[in-house]
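> got a predicted structure here, sequence first:
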2 protein chains.
Amino acid sequence: MFSKIKMNLNFRDKLKEKGLKVTPQRVAIFEAVIALDNHPTADDIIAFIKTNHPNISVGTVYKVLDTYVENKLLYKVKTEKDIMRYDPHLDNHHHLYCSETERIEDFEDEKLNEILNDYFKNHQIKNFKIQDIKLQITGKFNNYK
Amino acid sequence: MFSKIKMNLNFRDKLKEKGLKVTPQRVAIFEAVIALDNHPTADDIIAFIKTNHPNISVGTVYKVLDTYVENKLLYKVKTEKDIMRYDPHLDNHHHLYCSETERIEDFEDEKLNEILNDYFKNHQIKNFKIQDIKLQITGKFNNYK
DNA sequence: TTATTAAATAAGAATAATTATCATTGCCGA
DNA sequence: TCGGCAATGATAATTATTCTTATTTAATAA
């Protein structure tokens, strides 16, 4: 409970910092992305929100999500499906993709990041300036959600 | 020229190996993916083919591309756009994504692959069996295509 | 070479995800 | 509290992709 309140305050401040109005829709959409923790699609978010906010418009959800991505409050997750998925996790992290289901999990590993940074410091890519490195690790989960 | 003939022979054999019929459409679509070397979309491929094969159907292109992906003759490239892109490069490789344009380049680095394999051999991910690791390296190209 | 047959294709309709339009609403600084 | 302007709702439009069905064609065997 406390953490939710805190998240909420931080979130309102972040919106204001970026010059974005704090609306109930924006709060609800952000909360939905947090609550739905398997990198939800716009559709997942719409379904989740429907119960408490039955008249948030579909277009609004897409627009708000775009705004968040532009303002780096959310990330779009790369997939090989033509459906967008969103990630509220802003730290530098990687993704585990299940090869059999749609499941995607975040994967953090500070040591690995260091190794990669070191490696590329010593092995620059010709004609390319790296801004960000992400791993897509495909495989099988042993447990089921 | 020679290499094209060779590619073609190998390609026809590959289709046969998989029990797929060799059709002019399939050959044209594969050649288009090879010719368009910036990880083309279905639309790019359709446009390219139109000049020489004006009556290949859109549905056919999508179906053939799917067939190729299923049979591992092409890979789908993960992007954060809701448009699929295809890659004829089958070796284990990574991708450089331009942060300002749609450009995507292949990136091969055997030494890096070894480092990653070693790392994950010694640092197994809990409840997850790795099948494949790909890097998405985002940044800026210094030269322009 | 020809006939057979299962697989592949063309054309266009259908669907799903997303974006655009625009009139109305409501957040927020003065 | 009020006014301006950004945000929203409702719905139409667009885009990428998939589906359907009749027709054609590549591969195989006689």
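Arrived safely, thanks for sending. Numbering: from 1, shown residues only, chains lettered A, B, ... in the order given.

> and the spatially most central residue of chain A, what are its bridge partners?
Among the residues of chain A, the one closest to the centroid is residue A:87, at 1.1 Å (C-alpha atoms, centre = their mean). Assessed by DSSP bridges, residue A:87 has beta-bridge partners residue A:75.

> ok, it to residue A:116 distance?
As judged by C-beta to C-beta, to the nearest Å, residue A:87 and residue A:116 stand 19 Å apart. Using the backbone N, CA and C atoms, a C-beta is placed for each residue, glycine as well.

> for residue A:124, same thing?
Noted for residue A:124: a distance of 13 Å to residue A:116, by C-beta to C-beta.

> so the two - more neighbours on which side?
Under the neighbour definition other C-beta atoms under 10 Å in any protein chain shown, residue A:124 and residue A:116 were set side by side, and residue A:116 has more, 22 against 10.

> ok so the more buried one is a strand residue?
No. Counting by DSSP: H, G, I helix; E, B strand; the rest coil, residue A:116 is located in no strand; its state is helix.

> on that earlier part again, show the contacting residues for the residue nearest to the centre of chain A.
For residue A:87, the contact set (C-beta atoms under 8 Å, 6 or more residues apart in numbering or on different chains) comprises A:39, A:74-77, A:106.

> who wins for neighbours among the residues you listed?
residue A:39 leads the contacts of residue A:87 on contacts (other C-beta under 10 Å) with 24 neighbours.

> got phi/psi on that residue?
Reported as degrees, to the nearest 10, the phi and psi values for residue A:39 are phi 50, psi 70.

> what's the helix or strand for residue A:32?
Assessed by DSSP states H and E, residue A:32 sits inside helix A:24-35.

> what about that helix, near chain B?
No. Using C-beta under 8 Å from any C-beta of the partner chain, helix A:24-35 stays clear of chain B, with a minimum separation of 15.6 Å.

> now do the buried residues in that helix.
Residues of helix A:24-35 classed as buried by neighbour count (16 or more other C-beta atoms under 10 Å in any protein chain shown): A:25-33.

> of those residues, which is the nearest to DNA strand D?
Taking C-beta to the nearest atom of the strand as the measure, residue A:25 is the one of the buried residues of helix A:24-35 closest to DNA strand D, at 3.4 Å.

> ok, that closest one - contacts?
Contacts for residue A:25 (C-beta under 8 Å, 6+ apart) come out as A:53, A:56, A:60, A:64.
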